[in-house]
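**Student:** Okay, predicted coordinates and the sequence, questions at the end:
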Amino acid sequence: MPATFSGLCLGGLLLLLLCDRVSGERPPDPAMTTQDSNQTEVNSVTKMQSGHESSGLDPATEKLKPASKANTNVTEYEILLSGVPGAPVEKNISLPSPTKVELTCKLDENSNLKNPQVTWKKGSETVSHTTKTANSWSIELTISDSSHLGNYTCILKGDKEVSGIFRLQVPKIERKERPLITYEGDKAVMVCKIGYNPKNWTWYMTNGTELVSIDKILPAGKFQIMRQSASVSRLEILRLTKEDHGVYWCEAAFDLGPSKSRFEVRVLSIAEPLKPFIAVVAEVAILVTTIVLYEMYSKRKEKRGEKEFDQIEQLKSEDDSTSRRK
Amino acid sequence: MGLGSGVRSLHLHWLCIYLSQSFHNLLQRDPGCFQRLLQPACLDNIHHVCYHLRRSSTWHSCPIPLPARRLGAPRDPPGPARTRPDPPGPTRTRAPGEAPCPAMPAPAEAGLAPGPPDGGWGWMVLLGAFVSIGFAYAFPKGLAIFFKEIQTFFGTSYSEVAWISSIMLATTYGAGPISSILVNRYGSRPVVMFGGLLCGVGMISAAFCTSILQLYICVGFITGFGLALNLQPSVIIVGKYFLKRRPIANGLAMAGSPVMLCTLAPLNQFLFENFGWRGSFLILGAILLNCCVAGALFRPIGAHTAPSKTPATEEGKDALKGKISEDGPMEENKPEEEGGKDCFEKINQYLDFSLFKHRGFLIYLIGNVLMFLGFFAPIVFLAPYAKHTGIDEYSAALLLSLLAIVDMVARPATGVVANSKWVRPRIQYFFSFAITFNGACHLLCPLASGYTGLAVYAGFFGLAFGMVCAMLFETLMDLVGAARFTSAVGLVTIAECCTILLGPPIGGILIDTFGDYKYMFIKCGAVMVLAGTFLFIMNYYNYRMLAKEEKERKRKERKEEDTKSVRTENEGKRNWNKDSTQDGPELEPLREKGEGEKKEMNGAVEV
């Protein structure tokens, strides 16, 4: 074994040295990556700070809004419209805490739409806007509670109509909706991860139609909630039984409201995977037996064939001797 | 014929021969065979000849070998001098194993005289090898689907979970020499069946693991070792069952890898969604037991003799053939080997370390070790690269599927091309070309823009990857011959183990340092082009050296024959020359085609 051991040692050492360098997010999973191998799903959030735009805008903002205080940071978001009619251009904006935002709809200079009529709406009511430049219009909002969140639409009407939608919402928990399959006696692990730091995390289990907070459930040692970091929370359900199946929720509390994610837990007994297992083992046994039996049969046929020829040989040599004697 | 005795049975049995067109062609091709068949002793037992001819599935070489045996037994010349009035038949009690025809091999060895069957049961063996090799290569890749869930379950980082795959790969390649030793000792069949059992046990126990360390042991070491015991013997036995069609056989066997990957990936996804990772591991353990079925198909060649003797006789035959193929200058080694066997000799019997003095083997080793540095990294990073350029996840996965499908078709196609009469003598050049083509693809990848460009790259990459993989073992067999291939493959895989494991992490470091994928592609492309060029130049040198050695040997032998008596026929002399080949490639490109064909047929006798 020395060859293997040194090979393995070397491989292990090298891996140790190199894995430290390689970032944890680098998966060596080749072929057939499916939805599950994606590490982090960050919502498409783009923040364009005021300094990112052309320098002319900053003084422009200041000019248009002399009342805005110099201390508060106004985050600017922009949608670029091409002037081609079709589905509205959307932008999702996650806001974890109260802030001031400026939403701008900018029309492409090369578009065919000239001097459109601009309306900004939240839901069905119109919001007053300002004209930033010749072809961009914006509204400024102070988001201080959940009622200010929602969809803000800018509609540019000329001979054609184009629109853009800003969806202001609390941050979403990064997860794919998939049932969690566990086994009796095993543990179930649910992890909620989010891109921002919530104030706190709460886990609920569904009892009929109402949500019951897990903190309040008494048998200690059945549930374990761990806050692995500010943005990650982990629930473990130990010693699973069939009654533990159902829907669980994890909730991240933000100033502007909660963000929830749903988990469906299914508890299976050992017998379930055992059935296909036994089927495959039976198939293997049958195939091996068939092959061995066929081989023994064909060997026997060959031996019989050889014996026949030996007999023919014997007969022939007797034939020869008798014919010679004659 | 006018031979008198036995005319009746003679007529009866000539019928069987005349009915066979192939045997007719053989007799026309090899008139010496016909002459030997007309010996009275053989004609007396023509039914026995018939029997052996019918049983062998090839008609390439004469079943009646030459009377002048190299091991020194002098023989009476056949021909008209043997007309004796009393044939020895009635007075002689023939032992069952004794050859009825003086120049005919005993029934025990008769199955070997025609050489590798190149068909018949060989196709079933190929099916088994297809399954076995498929599992060995595709299974570690297919496990990646479970890693995220395992990471969540055990609360570890991704790199810790990725170690499972690395340990599995390291064990599969690192246990190569052990596999070779076991095959040399016991033959392919028991090793593969044990390997399949080990894989199954490993995965089944992995289903009940409670920590990541236990997963390392169960999935990484045990299953990895089982897969190693699957991989080597399958490749070895393909080489034992095929000679003329060996490149096709290799291409088809290696095609198992992409086919299994395409099957395992959706299967794993389905199992995971319905049974979670524990249930999936349990069922995958049962599925891996199918390797035992593949192993059951690996009938030891020459096994129509008593089965209890098979492993010993196989080993003995291998050793015997090994000696025969290295005759001439190596005659003086024989008394040494038959003398006292110390530990080194024993090890050498099981794992042939003298391969390190073999020029072709060293060239292959160095070229391949270099190549593997850049071989696997692009596959690992293709999907992340696609996502990096803005392509969504499903399309990125589709790229890999495209790669696998092109790969699946490319491998048997390459086998067919490599088997053609233009390529087979120069198969080493073809291999170097495939590697260089692969490298060129990687170098051009950064120029690919958008999804179409990447799809084109994936298509060409699949083609190149398939070409290289299909010929990976074929070229090694071609260089060292099937007798020493068992040890060669073990030594090569453990040497490749290091670079295979280093390749993706080095690529990862390049990507992290420069923040751009193109440097990784450039590195892989450059390494492979370098390896391909190295192999091309060194193989050109190797072919020339072999041609020179062959000329030397011929000159020496002609001198020897001039001093001997002229009792052996001319055909016998020519055939003897061809039989005593060196341990180089079985087909030499610089020979004429006719000679080459004959040499190949007689090369079959050695295997």
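**Tutor:** Okay, I see it.
**Student:** Give me the pLDDT for the residue lying closest to B:Phe430 once chain neighbours are set aside.
**Tutor:** The shortest distance from B:Phe430 to any non-neighbouring residue, by C-beta to C-beta, 6 or more residues apart in numbering or on different chains, is to B:Val423 (5.3 Å). In short, each C-beta sits where N, CA and C put it, glycine included. We have a pLDDT of 90 for B:Val423.
**Student:** Now for B:Val423, how many residues are close by?
**Tutor:** Residues within reach of B:Val423, counting by other C-beta atoms under 10 Å in any protein chain shown, total 17.
**Student:** ok, it touching B:Gly415?
**Tutor:** No: B:Val423 is not in contact with B:Gly415 according to C-beta atoms under 8 Å; the separation is 10.6 Å.
**Student:** if we can go back for a sec, distance check, the residue nearest to B:Phe430 against B:Phe433.
**Tutor:** Note on B:Val423: its distance to B:Phe433, by C-beta to C-beta, to the nearest Å, is 10 Å.
**Student:** Kindly report the same for A:Gln311.
**Tutor:** Look at A:Gln311 and B:Phe433: by C-beta to C-beta, they are 58 Å apart.
**Student:** which of these two has more neighbours?
**Tutor:** Set side by side, A:Gln311 and B:Phe433 show more neighbours around B:Phe433, with 18 against 10, by other C-beta under 10 Å.
**Student:** phi, psi of B:Gly120?
**Tutor:** phi 60, psi -130 (degrees, to the nearest 10).
**Student:** Over to B:Ala464?
**Tutor:** phi -60, psi -40.
**Student:** Verify the stated contact: it with B:Phe437.
**Tutor:** Yes: counting by C-beta under 8 Å, B:Ala464 does reach B:Phe437; the two are 5.0 Å apart.
**Student:** Next to chain B, which bits of the stretch 101-250 of chain A? Give me the list.
**Tutor:** A:178-183, A:186, A:189, A:191, A:228, A:234 (C-beta under 8 Å from any C-beta of the partner chain).
**Student:** if you set the cut-off to 10 Å instead, what comes out?
**Tutor:** A:176, A:178-183, A:186-191, A:193, A:226, A:228, A:234, A:236 (C-beta under 10 Å from any C-beta of the partner chain).
**Student:** PyMOL command to pick out the buried ones of those?
**Tutor:** Written as a PyMOL command, the selection of buried residues from these, which uses 16 or more other C-beta atoms under 10 Å in any protein chain shown, is:
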select buried, chain A and resi 180+181+182+183+186+188+189+190+191+193+234+236
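**Student:** Strands - which of the residues of the stretch 101-250 of chain A next to chain B land there?
**Tutor:** When strands are assigned by DSSP state E, the members of those inside them are A:180-183, A:188-191, A:193, A:226, A:228, A:234, A:236.
**Student:** Wait, the residue nearest to B:Phe430 touches B:Met467, no?
**Tutor:** No: with contact defined as C-beta atoms under 10 Å, B:Val423 does not reach B:Met467; the gap is 11.5 Å.
**Student:** Overlap in contacts, these two.
**Tutor:** Residues touching both B:Val423 and B:Met467 by C-beta atoms under 10 Å, 6 or more residues apart in numbering or on different chains: B:414, B:417, B:430, B:433.
**Student:** Give me the nearest residue to the residue of the stretch 101-250 of chain A found nearest chain B, chain neighbours excluded.
**Tutor:** As assessed by C-beta to the nearest C-beta, chain B sits closest to A:Ile181 within the stretch 101-250 of chain A, at 3.4 Å. In this structure, A:Ile181 finds its nearest non-sequential neighbour in B:Gly276, 3.4 Å apart by C-beta to C-beta, 6+ apart.
**Student:** Helix or strand: which one has the one you found?
**Tutor:** If you go by DSSP states H and E, B:Gly276 is part of helix B:256-288.
**Student:** What of A:Ile286?
**Tutor:** Using DSSP H and E, A:Ile286 sits within helix A:271-325.
**Student:** what about the residue lying closest to B:Val409 once chain neighbours are set aside, which SS state?
**Tutor:** Once flanking residues are discounted, B:Val409 sits nearest to B:Gly466: 7.4 Å by C-beta to C-beta, 6+ apart. Following DSSP: H, G, I helix; E, B strand; the rest coil, we place B:Gly466 in the helix state.
**Student:** what's the helix or strand harbouring B:Ala547 packed up against?
**Tutor:** With secondary structure defined by DSSP H and E, B:Ala547 is part of helix B:518-563. Other helices and strands packing on helix B:518-563, by 3 or more C-beta pairs under 10 Å, 6 or more residues apart in numbering or on different chains; DSSP states H and E, are helix B:359-371, helix B:377-388, helix B:427-444, helix B:450-514, helix B:570-579.
**Student:** Output those helices as CSV; include the columns mean pLDDT.
**Tutor:** Below are the helices and strands packed on helix B:518-563 laid out as CSV (pLDDT from 0 to 100):
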stretch, mean pLDDT
helix B:359-371, 92
helix B:377-388, 85
helix B:427-444, 93
helix B:450-514, 89
helix B:570-579, 52
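**Student:** Now render those helices as JSON lines, adding distance to B:Tyr394.
**Tutor:** Shown next, in JSON lines, are these (distance: least, C-beta to C-beta, whole Å):
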{"stretch": "helix B:359-371", "distance to B:Tyr394": "32"}
{"stretch": "helix B:377-388", "distance to B:Tyr394": "11"}
{"stretch": "helix B:427-444", "distance to B:Tyr394": "24"}
{"stretch": "helix B:450-514", "distance to B:Tyr394": "12"}
{"stretch": "helix B:570-579", "distance to B:Tyr394": "59"}
